[in-house]
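>>> sequence unknown, structure follows:
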């Protein structure tokens, strides 16, 4: 199982960062790949996400499989029209928040997946780089949104 993690400090209290992640409408405003989220961010709920991967539109259906109010949220991808799910299985992604003093929050973006084909195993170094690049972009979008 691959476990890709990236983190950064956001100059805002944890509650403010959590609100930006927890609210689907706000989440879609700062996430660079999301154009729309339909559904709730609650344990067991399925959300449908309209995404742009490069210049290609797609849609995912993701179930919230880990939820700890104000601290952690993870989604497991159940459907994916972008084609990435043909290369990986058991794909989950989400965030963990930790207070860092009174005015900062350490945010960890995490993706977990299993390479599902020989080709994806051979391409693993490139796939890891792409996940890190994507997660860093997501964290930068969150940071800019919350700090502005």
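Thanks, I have it. All values derive from a computational prediction rather than experimental measurement.
>>> from here on, contacts and neighbour counts on C-alpha atoms
Will do.
>>> what about residue 40, helix or strand, and which?
Assigned by DSSP states H and E, residue 40 falls within no helix or strand.
>>> scratch that, residue 61 is what I was asking about
Using DSSP H and E, residue 61 falls within strand 56-68.
>>> just residue 21 next, same as before
With DSSP H and E as criterion, residue 21 is part of helix 14-22.
>>> tell me the buried residues in the helix-or-strand element of the chain with minimal mean pLDDT?
With mean pLDDT, DSSP states H and E as the measure, the helix or strand of the chain carrying the lowest mean pLDDT is helix 118-122 (a mean of 90). By neighbour count with 16 or more other CA atoms under 10 Å, helix 118-122 contains the buried residues residue 120.
>>> can you give the distance of it from its chain's centre?
23 Å (CA atoms, centre = their mean, to the nearest Å).
>>> also stretch 101-110?
15 Å.
>>> do stretch 130-141 as well
9 Å.
>>> quick one: contacts for the spatially most central residue of the chain?
For the chain, residue 94 is the residue whose C-alpha lies nearest the centre (CA atoms, centre = their mean; 4.3 Å). Residues in contact with residue 94 (CA atoms under 8 Å, 6 or more residues apart in numbering) are 72-75, 109-111.
>>> re earlier: so how far is the strand holding residue 61 off the chain centroid?
Relative to the centre of its chain, strand 56-68 is centred 8 Å away, using CA atoms, centre = their mean.
>>> so which bits of the helix or strand just after that strand are buried?
As assigned by DSSP H and E, the chain's next helix or strand after strand 56-68 is strand 72-80. Using 16+ other CA under 10 Å as the test for burial, strand 72-80 gives 72-78, 80.
>>> same list (the residues you listed) but as JSON lines, adding distance to residue 40 and pLDDT.
Shown next, in JSON lines, are those (distance: CA to CA, whole Å; pLDDT from 0 to 100):
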{"residue": "72", "distance to residue 40": "15", "pLDDT": "98"}
{"residue": "73", "distance to residue 40": "12", "pLDDT": "98"}
{"residue": "74", "distance to residue 40": "13", "pLDDT": "98"}
{"residue": "75", "distance to residue 40": "11", "pLDDT": "98"}
{"residue": "76", "distance to residue 40": "14", "pLDDT": "98"}
{"residue": "77", "distance to residue 40": "15", "pLDDT": "96"}
{"residue": "78", "distance to residue 40": "15", "pLDDT": "96"}
{"residue": "80", "distance to residue 40": "18", "pLDDT": "94"}
